[in-house]
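Q: task: produce atomic coordinates for the following.
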Amino acid sequence: MPARDGPGLPGLYFAISSLCFLFSVGLVWYAYVGNVPVWTSNDPGVGYLDKAGWLLTVQDRFEEGGPGWKFGFGVWGWCEWHSGQDGVGQCHGKGSWSIPRSAPDGDPVLDLDLPGAVATSMFGCGVIVIIAAIISLIFFVVHFLTMRYEEVTPPPLFFLRSNEPKPKFSDSTNRRARLALILGWNWVLGVTLYLLFLVSTVPALAVSWSAKDHYGDDTTYKAEIGQGAWALLASVLLTFAGLITIYTGGLWPRKGLVKADGKVVKDEKKYKL
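A: Numbering: from 1, shown residues only. Reported below is the predicted structural model:
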């Protein structure tokens, strides 16, 4: 759709894509750093642990809602606490971790019989989520900087459906307009970054989902997908939605003009996708 003046559809599309990227940033960083408190005490409160961004949680099936053990496994290690009670928990890992290597003697986590993917691979699969966290931040910042850029621009994806040449980066002297050209027109770069986003999040999601059904109905423990894993999945979908909104709805330029065949035109219907 061509760009237009005022807070019309381009402004609406921009708001939608901005919210998608903003929530994606928050969710992916929550999953990455919001689990084991790396820079603070080993004994966080139960209130924090219940809301942390775990990739997987394991709980005593027969003590649900009571004082049974509950375990949360995240990127930087794991914590254990008594569910349903006030107080503090105990965290381990805080770096390159695996079980049983990082578990103290007699630690209750040794009784869980965790699947190998969680016990030995969760840190390796989770630490690369930093790539997705950085990419989500790049998308949000670059997208925000293009707001109301001063440039005459063709409609999004126009060059795919006409003989209109793709605008060149060197044609613009305005920095924000150049960012708009990179984000709005270089869809190959956008797709490549999104694929890197996927590659850096799918392993952590796969580890979490593979362990969900590890324990049978007649066993002592029950595994559940953690809030951090759900946050990662939501960030994948939100980033995709943000990019689709950009490539179909466009960015939000200051001037409501369309450039076609080397001329500035105003016939939106003619160039509407």
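Q: which neighbouring elements make contact with the helix or strand containing F139?
A: Following DSSP states H and E, the helix or strand that holds F139 is helix 129-145. Counting contacts by 3 or more Cβ pairs under 8 Å, 6 or more residues apart in numbering; DSSP states H and E, helix 129-145 packs against helix 9-33, helix 175-185, helix 187-211, helix 227-249. Heads up, the C-betas are built off the backbone N, CA and C, glycines and all.
Q: the same query, at a cut-off of 6 Å, please.
A: For helix 129-145, the packing partners by 3 or more Cβ pairs under 6 Å, 6 or more residues apart in numbering; DSSP states H and E come out as helix 9-33, helix 175-185, helix 187-211.
Q: what residues sit buried inside that helix?
A: By neighbour count on 16 or more other Cβ atoms under 10 Å, the buried set for helix 129-145 is 129, 131-136, 139-140, 143.
Q: cool, and stretch 236-243?
A: Counting neighbours by 16+ other Cβ under 10 Å, stretch 236-243 gives 236, 238-239, 241-243 as buried.
Q: now, which of the residues you listed sits nearest F73?
A: V236 (20.0 Å; Cβ to Cβ).
Q: separation between the closest one and W230?
A: Here the criterion is Cβ to Cβ, to the nearest Å. By it, V236 lies 11 Å from W230.
Q: please apply the same query to S121.
A: 20 Å.
Q: same check, this time on L19
A: Relative to W230, and taking Cβ to Cβ, L19 is found at 18 Å.
Q: can you check S208 too?
A: 9 Å.
Q: just to be sure, G72 is in a helix?
A: No: going by DSSP: H, G, I helix; E, B strand; the rest coil, the assignment for G72 is strand, not a helix.
Q: what's near enough to touch it?
A: By Cβ atoms under 6 Å, 6 or more residues apart in numbering, the contact set of G72 is 52, 54, 57, 79.
Q: so what does the residue lying closest to G228 once chain neighbours are set aside look like in phi/psi?
A: Excluding the flanking residues, the one nearest G228 by Cβ to Cβ, 6 or more residues apart in numbering is G53, at 3.2 Å. In terms of degrees, to the nearest 10, the main-chain angles of G53 are phi -90, psi 60.
Q: who touches G53 in this structure?
A: 30-31, 34-35, 227-228, 231.
Q: compare those residues and tell me which has the most neighbours.
A: Among the contacts of G53, A31 has the most neighbours (other Cβ atoms under 10 Å), with 32 neighbours.
Q: check the most centrally placed residue in the chain and give its pLDDT.
A: Among the residues of the chain, S235 comes closest to the average C-alpha position under Cα atoms, centre = their mean, at 3.2 Å. For S235, the model assigns a pLDDT of 97.
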